[in-house]
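Asks: Sequence and computational prediction follow.
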Amino acid sequence: MLKALTIKDDEKFLRQISSAVDFKDKNLAQNLKDIKEYCAANDGLYAMACIQLGVPKRIVYIKSTKPNDTTANAENEQVLMINPEIISKKGKTEFWEACVSGLDNFGLVERPYEIVVKYQNENGNIKIQKFEGFSSTVISHELDHLDGIFHMDRAKKLLQMPARERIEFRKQHPYKIISKDCEFTYKPIEKNKTL
């Protein structure tokens with residue numbers, strides 16, 4: 001059974017930059033199967049980056065982009081992104097983010113309202129797709145993992161809160177759109193930050 005790595009024991013590994021995927025890689029099919037199966041079997045996940053399962057390759061799986069629906073049968077997206085990169089971003093949102101690898105760290109993070117992502121699908125075909133709103137937040141969070149960045153690194157505020165308490169907290173502090181079209185730039189984060 002696959003297990004997600006966490007900052008408790010694996011922070012150094014999780015902070016590495018994931019490698020570009022080579023479609024000739026004989027393990028690629030198994031990596032894609034593993035990430036899909038892990039997400040399907042675990043409630044509470046919007047998405048997952050392969051590095052969180054111990055595979056430092058540029059692969060993310062988007063399970064659900066509905067703010068209040070992360071159950072195992074909530075798979076409304078089911079998008080695999082291989083070698084993804086954000087090619088444009090704008091607008092600004094805020095959301096209290098959490099992460100299976102980040103344990104109880106719960107942070108208020110600003111993300112772009114809209115992103116355009118270039119990626120390859122399972123067949124290696126290049127896709128260019130626009131995502132808005134909460135989808136942009138989920139995907140931006142996962143793509144950060146590919147560069148060894150955690151939501152805690154970007155958080156304006158950071159709390160320690162177990163998962164069961166976060167549900168109620170988010171009801172009082174829901175996803176917030178600040179602007180749909182302003183310029184968006186991340187603030188610099190500390191290099192080699194450890195938690």
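Replies: Okay, I see it. Residues are numbered from 1 along each chain as shown.
Asks: so how far is residue 34 from the residue nearest the centre of the chain?
Replies: By CA atoms, centre = their mean, the chain has its centre lying nearest to residue 142, at 2.0 Å. Going from residue 142 to residue 34 by CB to CB, to the nearest Å gives 16 Å. Using the backbone N, CA and C atoms, a C-beta is placed for each residue, glycine as well.
Asks: List the first helix or strand encountered after the lengthiest strand in the chain toward the C-terminus.
Replies: For the chain, the longest strand by residue count, based on DSSP state E, is strand 79-97. Next in sequence after strand 79-97, counting helices and strands by DSSP states H and E, comes strand 105-111.
Asks: Run through the neighbouring helices and strands of the next helix or strand after that following strand.
Replies: Moving toward the C-terminus from strand 105-111, the next helix or strand (DSSP H and E) is strand 114-120. Using 3 or more CB pairs under 8 Å, 6 or more residues apart in numbering; DSSP states H and E, the elements in contact with strand 114-120 are strand 79-97, strand 126-132, helix 134-145.
Asks: possible to save those as JSON lines with mean pLDDT?
Replies: Shown next, in JSON lines, are the helices and strands packed on strand 114-120 (pLDDT from 0 to 100):
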{"stretch": "strand 79-97", "mean pLDDT": "97"}
{"stretch": "strand 126-132", "mean pLDDT": "96"}
{"stretch": "helix 134-145", "mean pLDDT": "96"}
